[in-house]
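# Sequence and predicted structure, then a few things I'm wondering about:
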Amino acid sequence: MLDVLIVGAGPAGLYAADRISAEGFSVRVVERMPSPARKFLMAGRGGLNLTHSENLNDFKHSYREAEDFLAPMLDAFSPDDLRRLCHELGEDTFVGSSGRVFPKKMKASPLLRALLKRLERNRATLQTRWTWTGIAKDGTSQFISETGAVHEIRARATLLALGGASWPRLGSNAAWVPALETHGIEIHPFRPANCGFRVAWSPHLTDRFAGTPLKRIRLSLGDRTVLGEALLSEQGIEGGAVYALSAEIRGALETSGKAALVADLKPQMSLDKLVLRLSAGRGKQSLSNFLRKAAGLSAAEIALIREAGRMPDTPEDLARLIKSVPIPVNAPYDIDRAISSAGGIALEEVDANLMLKKLPGVFAAGEMLDWEAPTGGYLLQACFSMSDRAARGILELLKTAREATTA
């Protein structure tokens, strides 16, 4: 019988396969897509932000409600451990000016190739183009190949690393949900995370400024503020500062149906200084030219201010508007455009080693579980940390069983 079946060839699945096969156990990885780690490779196109260099206690706070759940796993496999893993695989890392950690080659493909080569040396096998359709109580998983043939694999332990519901074209489509619900496992609905939000822009803004960045702004929702960048789109607003607030924005929309996002377009300038600049008077200049010269606003930022309605008449009111432009968002982008997803297997359904309590011998890791985090290295770090914990749990299970049979 196979020792370990791993379903899903993303970072969580592949690293667990690496850990377990290194101990001499037989491992088979099965992936629905034609090739492994497609979302990981897509992330690498933006430089592959692996993790973050900030203090570990501060790092943990980014996981919000899931902090207590993930903290022991982050302690056991920390950002430093992930950087050491990259070094072992022949890819050194560096810390960027923002504190984010990247591989020096700024790509995911060298890491993936090195990991796959190590799996091959450890005699772990990879099967692609098979879709997981469920698992029986005895540990037998069912698959359908692209030809429609049905296959079964029985293993002593199984790790499910099937991903969440974002970027379905790369492999994560949450089609596994009904198969686990048949076993009575509670699964929370998937929702978009780290996503953009829809705004009912005027035709003038969408026609002229869709695709235009807003640089060095401060976005706020209630007491939560974020410095960063955003991007005006035909549908609404997206970008790093928006993603950092996505959980709060989504929560406000779910609670009241609306979210009052506010943009400070000149966070580096005090209100008093801005009032002073605007008090000089514009003379014969157009308002747009005056705002561009006196306040340093771009054409897109001026258009964003105009979305709020009639321009104020006094320097004081105009300055206040520039530093608190209302952006009424009305819905998140569709989940297939989200960087990640919230929702998934309720955390109460797994034990400390990520084994499903209702399916002994079956483990789950990664975005299948109900947690979320902002971009900045937190997503990948948690996936690797959970993979490490699940691999430890599986190894403990296998070694205990082996000792019992040899006693």
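Yep, it's here.

# what about the longest helix seen in the chain, average pLDDT?
The longest helix of the chain (DSSP state H) is helix 378-406. Computed over helix 378-406, the mean pLDDT rounds to 94.

# buried ones in it?
Neighbour-count burial for helix 378-406, counted by 16 or more other Cβ atoms under 10 Å, picks out 378-395, 397-398. Where C-beta positions appear, they are placed from N, C-alpha and C, glycine not excepted.

# Name all residues that make contact with D75.
D75 is in contact with L56, counting by Cβ atoms under 8 Å, 6 or more residues apart in numbering.

# Please give the element, helix or strand, for it.
helix 67-76 (DSSP states H and E).

# Could you tell me which residues make contact with A259?
Taking Cβ under 8 Å, 6+ apart as the test, what A259 contacts is 197, 221, 249, 252-253, 328-330.

# now the angle from the longest helix of the chain to helix 67-76?
Comparing the axes of helix 378-406 and helix 67-76 via axes from the mean of the first three to the mean of the last three Cα atoms, to 10 degrees yields an angle of 70 degrees.

# other SSEs contacting helix 378-406?
Counting contacts by 3 or more Cβ pairs under 8 Å, 6 or more residues apart in numbering; DSSP states H and E, helix 378-406 is packed against strand 2-7, helix 11-21, strand 51-52, helix 67-76, helix 79-88, strand 150-160, strand 362-364.

# Show the average pLDDT along the third one.
Think strand 51-52. If you average the pLDDT values across strand 51-52, you get 97.

# Run through who's touching that strand.
Under Cβ under 8 Å, 6+ apart, the answer for strand 51-52 is 59, 79, 82-83, 99-101, 376-378, 380-381.

# Distance from the chain centre to it, please.
13 Å (Cα atoms, centre = their mean, to the nearest Å).

# what helices or strands is the helix or strand following it leaning on?
Next helix or strand after strand 51-52 toward the C-terminus (DSSP H and E): helix 56-61. When contacts are defined as 3+ Cβ pairs under 8 Å, 6+ apart, helix 56-61 packs onto helix 67-76.

# closest to S35 among the contacts of strand 51-52?
L380 (18.8 Å; Cβ to Cβ).

# So A230 belongs to a strand, correct?
Yes. Per DSSP: H, G, I helix; E, B strand; the rest coil, A230 lies within a strand segment.

# Now it: closest residue in space that isn't a chain neighbour?
G239 (3.9 Å; Cβ to Cβ, 6 or more residues apart in numbering).

# which residues sit in contact with that neighbour?
196, 213-214, 228-231.

# one more time with 6 Å, if that's ok
229-231 (Cβ atoms under 6 Å, 6 or more residues apart in numbering).

# ok, the residues you listed vs L321, which is closest?
Closest to L321, out of all of the contacts of G239 and judged by Cβ to Cβ, is A230, at 17.4 Å.

# correct me, but that closest one touches P213?
No. Look at A230 against P213 with Cβ atoms under 6 Å: they stay out of range, at 7.2 Å.

# between the two, who's got more neighbours?
Higher neighbour count among A230 and P213: A230, with 25 against 14, using other Cβ atoms under 10 Å.

# Now do the same for that one: its pLDDT.
For A230, the model assigns a pLDDT of 97.

# quick one, what contacts it?
Contacts of A230 by Cβ under 6 Å, 6+ apart are 214, 237, 239, 241-242.

# Separate out the buried members of these.
Buried among those (16+ other Cβ under 10 Å): 214, 237, 239, 241-242.

# Sort out which of the contacts of A259 are buried, if you could.
Judged by 16+ other Cβ under 10 Å, buried ones among these: 197, 221, 249, 252-253, 329.

# Could you list which of the residues you listed belong to strands?
197, 221, 329 (DSSP state E).

# got CSV for those, with pLDDT and distance to R320 too?
Formatted as CSV, these follow (pLDDT from 0 to 100; distance: Cβ to Cβ, whole Å):
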residue, pLDDT, distance to R320
F197, 97, 24
L221, 96, 18
V329, 96, 21
